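> Coordinates only, no sequence provided:
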């Protein structure tokens, strides 16, 4: 399936071919750690178990913490 993703760190949007099922699968595919990112699917924050469907728009934001 084809989905659009915006990865904040790269600052660009791209369309990719993705054969996984969940947000967790996508992050693994991209080599990203779930604990360091917030994922937004079609405008809503989602968990790693959320299913991804053809045409979804995914934003991947870095989690910033510190003191």
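Cool, got the structure. Quick caveat, the model's predicted, so the values are computed rather than measured.

> Now do the contacts for the nearest residue to residue 35 once chain neighbours are set aside.
Nearest non-adjacent residue to residue 35, counting by CB to CB, 6 or more residues apart in numbering: residue 63, 7.6 Å away. For glycine as for every other residue, the C-beta is placed from the backbone atoms N, C-alpha and C. Neighbouring residues of residue 63 by CB atoms under 8 Å, 6 or more residues apart in numbering: 35-38.

> Kindly write the PyMOL command that selects the buried subset of those.
Burial among those is assessed by 16 or more other CB atoms under 10 Å; the matching PyMOL selection reads:
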select buried, resi 37
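
> any chance of the contacts of residue 63 in CSV, with secondary structure too?
Listed next are those as CSV, based on DSSP: H, G, I helix; E, B strand; the rest coil:
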residue, secondary structure
35, helix
36, helix
37, strand
38, strand
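
> Looking at pLDDT only, which of the contacts of residue 63 scores worst?
Lowest pLDDT within the contacts of residue 63 is found at residue 35 (88).

> Specify the local secondary structure of residue 25.
helix.

> can you give me the helices in this protein?
Taking DSSP state H as the criterion, the chain carries its helices at 23-30.

> contacting residues for the closest residue to residue 58 other than its chain neighbours?
The spatial neighbour of residue 58 that comes closest, neighbours along the chain excluded (CB to CB, 6+ apart), is residue 5 at 4.6 Å. Residue 5 is in contact with 13-16, 26, 30, 57-60, counting by CB under 8 Å, 6+ apart.

> out of the residues you listed, who's nearest residue 48?
If you rank the contacts of residue 5 by distance to residue 48 using CB to CB, residue 26 comes first, at 9.1 Å.

> wait, doesn't that closest one sit right on residue 58?
Yes - between residue 26 and residue 58 a contact is recorded at 6.8 Å, counting by CB atoms under 8 Å.

> shared neighbours of those two, anything?
Joint contacts of residue 26 and residue 58 (CB under 8 Å, 6+ apart) are 3, 5, 39, 52.

> Now do the same for the third one: its pLDDT.
Confidence at residue 39, expressed as pLDDT, is 97.

> Tell me how far it lies from residue 4.
With distances taken as CB to CB, to the nearest Å, residue 39 is found 13 Å from residue 4.
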